[in-house]
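Novice: Predicted coordinates and the sequence they were generated for:
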Amino acid sequence: MAPKTCFFFLALVSFSAVLCLSPAFAKEDDEQEKGDPGLVMNYYKETCPQAEDIIKEQVKLLYKRHKNTAFSWLRNIFHDCAVQRCDASLLLDSTRRTLSEKETDRSFGLRNFRYIETIKEAVERECPGVVSCADILVLSARDGIVSLGGPYIPLKTGRRDGRRSRAEVVEQYLPDHNESISSVLDKFGAMGIDTPGVVALLGAHSVGRTHCVKLVHRLYPEVDPALNPDHIPHMLKKCPDSIPDPKAVQYVRNDRGTPMVLDNNYYRNILDNKGLLIVDHQLAHDKRTKPFVKKMAKSQDYFFREFSRAITILSENNPLTGTKGEIRKQCNVANKLRTNNDEP
Ligand code: HEM
Ligand SMILES: *[C@@H]1O[C@H](CO)[C@@H](O)[C@H](O)[C@H]1NC(C)=O
């Protein structure tokens, strides 16, 4: 190499090295800036002291009118926080160019998005432009859990809203209904949630419903021999067609015993081979998770303790804080539609 070219080459290499190493370019979303307190308890105490009360009141009012809103708030915290970060990207509508997270197959059955806007509007009336949709999503889950008879879990706030939502990333983060326990444990483990934490979180399947599209492969062409024979007639009655129209409204309740209550009956059901999804069934039979399933089936206290711990970790997964992201005016659309694809 001629000395001149060589110099140019070295300069290029070191310039790229600087580019890669400089904190300004290194995964900037994951770093907390100076003066950014991150997540804290009662983040809005100066800027919108009534925020948490307004959310609580709205969650209660909505629960009175539509009990299933609480199921949605609980499911939302999983679908938002487990996909990269808690940034309310789950709530964004698709744009002309990008399909959003809620449109994917993994998001099938998510509902009540318009009532998140009801909560947001109530908060906006009091303090416009202050409280993020990401915090509303997390706090509504906290209060929804209480409506369902679950524990009160103190949670931090200060999350900001992401500007983009991309369908493609969902599959990478969210386990599927038939995923192996190893893979489920890995995915939650990456967020810092351990095995008892995972077992406790799946206890959310003690409420709500599962549509037949996610169940027919356990019923047709032949019935999964792992299913409890006493549970089969009910499932067949609820899902009478082997190929339900994907838009079908047919579903089975997750917990026939106490379908509206977040309790440890889920663990007794899955030990009894009445778990609906393959993951639910596997949870009670894998040797890594079974001991915790048994313990939670026996003790509601233990279930609630582990559930609270795991929800807390989930709710703090990689948030945007400080000046990152934005405070959306409306939860289903970003304030400014960015063209830069790297923006979160
Ligand atoms: C391995 C992990 C998980 C998988 C594969 C999974 C999958 C599913 C599926 C397929 C449904 C049925 C949706 C429908 O047909 O409408 C469902 C419902 C539900 N899931 Fe999960 N889930 C998982 C973890 C969680 C977690 C961690 C939570 C919350 C902490 C959660 C909360 C719920 C709730 C509340 C429902 C009922 C929703 C309703 O009735 O509207 N799930 N889940
Ligand atoms: C899981 O179910 C989906 C359909 O919901 C199917 O496409 C996929 O092949 C299944 N995966 C496994 C490992 O069985």
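Specialist: Looks like it arrived, so ask away. A quick note: this is a predicted structure, and the numbers were derived from the prediction, not measured. Ligands and ions are numbered 1, 2, ... in the order given.
Novice: Ligand 1 contacts on the protein?
Specialist: 68, 71-72, 74-75, 78, 108-109, 111, 175-177, 184, 201-202, 204-205, 207-211, 214, 277, 279 (CB under 6 Å from any ligand atom). Placement of C-beta: from N, CA and C, glycine included.
Novice: which ones are touching the residue nearest in space to the middle of the chain?
Specialist: Most central in the chain under CA atoms, centre = their mean is Phe78, positioned 1.6 Å from the mean C-alpha point. Residues in contact with Phe78 (CB atoms under 8 Å, 6 or more residues apart in numbering) are 174, 201, 204, 314.
Novice: now the host helix or strand of it: how far from the chain's centre is it?
Specialist: In the assignment (DSSP states H and E), Phe78 maps to helix 68-81. Computed by CA atoms, centre = their mean, to the nearest Å, the separation of helix 68-81 from the middle of its chain amounts to 6 Å.
Novice: Could you do stretch 243-254 as well?
Specialist: Using CA atoms, centre = their mean, the offset of stretch 243-254 from its chain centre is 22 Å.
Novice: Let me see the contact set for the closest residue to ligand 1 within the stretch 201-344 of the chain.
Specialist: Nearest residue of the stretch 201-344 of the chain to ligand 1: Gly208, at 2.4 Å (CB to the nearest ligand atom). Neighbour list for Gly208: 68, 71, 74-75, 253-254, 259 [criterion: CB under 8 Å, 6+ apart].
Novice: Quick check on the residues of the chain next to ligand 1: which are buried?
Specialist: Buried members of the residues of the chain next to ligand 1, scored by 16 or more other CB atoms under 10 Å, are 68, 71-72, 74-75, 78, 175, 177, 184, 201-202, 204-205, 207-211, 214, 277, 279.
Novice: Please identify which residue in the stretch 51-200 of the chain comes closest to ligand 1.
Specialist: Residue nearest to ligand 1 within the stretch 51-200 of the chain: Gly109 (2.0 Å; CB to the nearest ligand atom).
Novice: before we move on, which element is that residue in?
Specialist: With DSSP H and E as criterion, Gly109 is part of no helix or strand.
Novice: for Lys56, same thing?
Specialist: In this assignment (DSSP H and E), Lys56 forms part of helix 51-65.
Novice: Quick one: list the elements packing against that helix.
Specialist: Here helix 51-65 touches helix 68-81, helix 113-126, helix 133-147, going by 3 or more CB pairs under 8 Å, 6 or more residues apart in numbering; DSSP states H and E.
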